[in-house]
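Colleague: Quick one, fold the following:
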Amino acid sequence: MGDIVVKTKLGEYLVKDGLLYTKTDEWVKVDGRKAVLGITDFAQKKLRYIVSVELPEVGRVVRANETIATLESVKTVADVYTPVKGRVVRANEDLIESPDLINKDPYGKGWIVELELLGELRAEELLTPEQYAGKIRSEEA
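Modeller: Numbering: from 1, shown residues only. Prediction:
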C-alpha cells in the first residue's frame with residue numbers, strides 16, 4: 001500500500017503503512033507479543049514543540065485505553081493512551097533529554113514505549129492507515 005500523505009487546508013500529515021492507529025492519535029506496531037507505541041505525525045503537529053515527556057516505569061502493567069505517558073508542549077499537556085493491555089518492557093529514555101525527537105521523527109526515534117502484550121490484540125478497535133487518514137481529513141475539513 002505505502003505511506004499516505006494527507007493534505008488538508010491546515011497542513012500535511014504523514015500516515016505510515018504497517019501500523020495501526022487509535023482515535024486518540026497514537027500509533028502501534030505489533031510484532032508477535034511485542035507492541036511499540038508512539039504518537040502520530042498529526043498529533044505531534046497539533047501539540048507543536050514538545051518540551052518534556054513523562055515515561056512509565058519498566059515493569060508497569062497497563063490496561064487498554066489507560067494513560068501510559070504524558071507529553072508537555074509549549075501549547076499544552078497531553079496524555080498518551082495505550083490501545084493494548086501490556087507490560088512495559090522499555091521506555092524511550094532518549095526522550096528525557098531530547099523530547100523533540102517526537103516532533104522530528106514520530107514514527108522512528110520518537111517512539112515512546114515498548115510493551116509485552118498481555119491478552120489478545122483487539123485490532124477491531126484500531127484504525128488502518130486508510131481509516132486514520134480519513135479521520136484526519138474529517139477533523140481538518
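Colleague: could you dump the lengthiest strand in the chain to PDB, C-alpha only?
Modeller: Scanning the chain for the strand with the most residues, using DSSP state E, yields strand 66-73. Output in PDB follows, covering the C-alpha atoms of strand 66-73 (Å, rounded to 0.1, in the frame of the first residue of the first chain):
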ATOM      1  CA  GLU A  66      -5.000   3.800  30.100                       C
ATOM      2  CA  THR A  67      -2.700   6.800  30.100                       C
ATOM      3  CA  ILE A  68       0.900   5.500  29.600                       C
ATOM      4  CA  ALA A  69       2.800   8.700  29.200                       C
ATOM      5  CA  THR A  70       2.400  12.500  29.400                       C
ATOM      6  CA  LEU A  71       3.700  15.000  26.900                       C
ATOM      7  CA  GLU A  72       4.200  18.600  27.600                       C
ATOM      8  CA  SER A  73       4.400  21.100  24.800                       C
END
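Colleague: Quick one: list the elements packing against the next helix or strand after it.
Modeller: Using DSSP states H and E, the next helix or strand after strand 66-73 towards the C-terminus is strand 77-82. On a contact count with 3 or more C-beta pairs under 8 Å, 6 or more residues apart in numbering; DSSP states H and E, strand 77-82 meets strand 26-31, strand 34-39, strand 66-73. To be clear about C-beta, it is placed using only N, CA and C from the backbone, and glycine gets the same treatment.
Colleague: Looking at these, which one is packed in the most?
Modeller: Compared across the helices and strands packed on strand 77-82, strand 34-39 shows the largest average neighbour count, a mean of 23 (mean count of other C-beta atoms under 10 Å).
Colleague: which other residues reach the next helix or strand after that one?
Modeller: Later in the chain than strand 34-39, the nearest helix or strand by DSSP H and E is helix 41-47. By C-beta atoms under 8 Å, 6 or more residues apart in numbering, the list of residues contacting helix 41-47 from outside reads 6, 11, 13-15, 25-26, 39, 50, 71, 73, 75-76, 78, 102-103, 106-107, 110, 136.
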